[in-house]
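Q: Pasting a predicted model and its sequence here:
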Amino acid sequence: MTSALRSIRFSVLDRSRVRRGQSHSAALRETVEFARLVEQWGYHRFWVSEHHSVPGVAGSAPTVLAAAAAAATVRIRIGTGGVMLPNHQPLIVAEQFGVLESLYPGRIDMGLGRSVGFTNGVRRALGHDKRDAEDFDAQLTELLAYFAHGGQEGVHAWPTEGLRIPAFLLATGSGAERAARFGLPLVIAAVGGEDRMIAAIERYRAGFRPATPGAEPYVMVSGSVVIADTTRQAHRLLLPEAWSTAYSRTHGTFPTLIPPSEIEALTMTDRERRILDEALRGHIHGTEEEVADQLERLVTRTGADEILVHTSTYDRAVRLESHRRLARLTGLSRDRADVRQPGTAA
């Protein structure tokens, strides 16, 4: 294990992906059990996500699922990656996280995003359209004020006053600059390519304004990491999620996961093949040695403080083994008390 990998934290994001023939309730129970295993393996955080009206994703109520994960664990930090703030009133979000932090003090993270529904119908059902995302700064300001001051204009979000819940901003579009303006930790993925991500990180660090005295930029890079016995095996494990992406972009719905062997046997259109090939790029995968080299390169190029791993595949047991091997590879079980926490000076 290299010094670059010893200097950062590793965490897990789980989207409660549904496999073909599996019920949504079973997928949600798997998420809770996964949180317990991730804690045993030494990961720093376990986050859940928010998706609406997506057949292949069971995670639709992140704060509810986070509560279940927190109840099943003891030490690991639990959070959201993220709550999509345009879908909710800031008061409700503040109250939900206030309750979580009150029940599980010192263990809750508030990851926030600005994405809206996948289709016009979903956006209407949520009570807004894409233009609502333009009000994100005002929503974020209101939400953070509930924790800083307890409320505003006679409205209080109980229980929030005095609670210190770390807030993280998921970067989409101008998200890096927004995280810098608000002085929040940045969560970013290589959407559009690694060079574009690195440029956004550089803008974030250059424009960072500390929200609290001594706070410094904190970068969490999110991405898929798959470890297998061979490079080919690891590449095949990426196929189910990549095919779901290709299918969603050509058919308008995000399907459940199917086995790699069935995907390899499909007769695809040129467009489906092109999107599948694009979806297979940029993931960290291979043998333990290959993954270690790729992770070290990523950390060196980005200066990441933390890696947030989100990996989906059809075979649940193989997925769990990949996460377990990553934990062993990076030495997560050892004491990492010396690793910098977000929002603090180095």
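A: Now that the structure is in, tell me what you want to look at. Numbering: from 1, shown residues only.
Q: Can you give me the neighbour number for Ser102?
A: Neighbour count for Ser102, taken as other C-beta atoms under 10 Å: 13. Using the backbone N, CA and C atoms, a C-beta is placed for each residue, glycine as well.
Q: mind checking which helix or strand it is in?
A: helix 90-103 (DSSP states H and E).
Q: next SSE after that helix?
A: Next element after helix 90-103 (DSSP H and E): strand 108-113.
Q: where along this structure do the strands fall?
A: All strands of the chain, identified by DSSP state E, fall at 9-14, 45-48, 77-80, 83-84, 108-113, 151-152, 155-156, 167-170, 186-189, 219-223, 225-227, 284-286, 306-309.
Q: got those strands as JSON lines, with distance to Gly59, mean neighbour count and mean pLDDT columns?
A: Shown next, in JSON lines, are these (distance: least, C-beta to C-beta, whole Å; neighbours: other C-beta atoms under 10 Å; pLDDT from 0 to 100):
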{"stretch": "strand 9-14", "distance to Gly59": "8", "mean neighbour count": "24", "mean pLDDT": "97"}
{"stretch": "strand 45-48", "distance to Gly59": "5", "mean neighbour count": "27", "mean pLDDT": "98"}
{"stretch": "strand 77-80", "distance to Gly59": "10", "mean neighbour count": "25", "mean pLDDT": "98"}
{"stretch": "strand 83-84", "distance to Gly59": "11", "mean neighbour count": "24", "mean pLDDT": "94"}
{"stretch": "strand 108-113", "distance to Gly59": "13", "mean neighbour count": "25", "mean pLDDT": "97"}
{"stretch": "strand 151-152", "distance to Gly59": "30", "mean neighbour count": "16", "mean pLDDT": "70"}
{"stretch": "strand 155-156", "distance to Gly59": "29", "mean neighbour count": "12", "mean pLDDT": "80"}
{"stretch": "strand 167-170", "distance to Gly59": "15", "mean neighbour count": "26", "mean pLDDT": "96"}
{"stretch": "strand 186-189", "distance to Gly59": "16", "mean neighbour count": "24", "mean pLDDT": "96"}
{"stretch": "strand 219-223", "distance to Gly59": "15", "mean neighbour count": "24", "mean pLDDT": "96"}
{"stretch": "strand 225-227", "distance to Gly59": "20", "mean neighbour count": "26", "mean pLDDT": "98"}
{"stretch": "strand 284-286", "distance to Gly59": "23", "mean neighbour count": "22", "mean pLDDT": "97"}
{"stretch": "strand 306-309", "distance to Gly59": "15", "mean neighbour count": "24", "mean pLDDT": "98"}
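Q: Redo those as a markdown table? Include distance to Val122.
A: Shown next, in a markdown table, are those (distance: least, C-beta to C-beta, whole Å):
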| stretch | distance to Val122 |
| --- | --- |
| strand 9-14 | 21 |
| strand 45-48 | 19 |
| strand 77-80 | 19 |
| strand 83-84 | 11 |
| strand 108-113 | 15 |
| strand 151-152 | 30 |
| strand 155-156 | 29 |
| strand 167-170 | 19 |
| strand 186-189 | 22 |
| strand 219-223 | 23 |
| strand 225-227 | 30 |
| strand 284-286 | 31 |
| strand 306-309 | 25 |
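Q: rewinding a little: buried sites along the helix holding Ser102?
A: Of the residues in helix 90-103, Pro90, Leu91, Val93, Ala94, Glu95, Gln96, Phe97, Gly98, Val99, Leu100, Glu101 count as buried by neighbour count, 16 or more other C-beta atoms under 10 Å.
Q: ok, how many other residues are close to Thr269?
A: So Thr269, with other C-beta under 10 Å, has 11 neighbours.
Q: and the spatially closest residue to it that is not a sequence neighbour, what pLDDT?
A: Leaving aside its sequence neighbours, Thr269 sits nearest to Thr250 (C-beta to C-beta, 6 or more residues apart in numbering; 7.2 Å). pLDDT recorded at Thr250 is 94.
Q: separation between Thr250 and Asp277?
A: Relative to Asp277, Thr250 is positioned 13 Å away (C-beta to C-beta, to the nearest Å).
Q: Name the nearest of the buried residues of helix 90-103 relative to Thr63.
A: Gln96 (4.3 Å; C-beta to C-beta).
Q: For the residue nearest to Thr269, grab the count of nearby residues.
A: Around Thr250 there are 14 residues (other C-beta under 10 Å).
Q: residues contacting it?
A: Thr269, Arg271, Glu272, Ile275 (C-beta atoms under 8 Å, 6 or more residues apart in numbering).
Q: Looking at the residues you listed, which is nearest Arg203?
A: Nearest to Arg203 among these, with distances taken as C-beta to C-beta, is Ile275, at 28.7 Å.
Q: What is the neighbour count of that closest one?
A: 20.
Q: Next, the contact list for it, please.
A: Thr245, Ala246, Arg249, Thr250.
Q: Just the ones of those in helices?
A: Thr245, Ala246, Arg249, Thr250 (DSSP state H).
Q: mind checking the end-to-end distance for stretch 67-81?
A: In stretch 67-81, first residue to last residue: 14 Å (C-alpha to C-alpha, to the nearest Å).
Q: Apart from its chain neighbours, what residue comes closest to Thr245?
A: Thr245's closest residue in space is Ala279 (C-beta to C-beta, 6+ apart), at 4.3 Å.
Q: again with Gly282
A: Per C-beta to C-beta, 6+ apart, closest to Gly282 is Ala190, 5.4 Å.
Q: Quick check: the gap between that neighbour and Leu298.
A: Applying C-beta to C-beta, the value for Ala190 to Leu298 is 9 Å.
Q: Sweet, I'm off.
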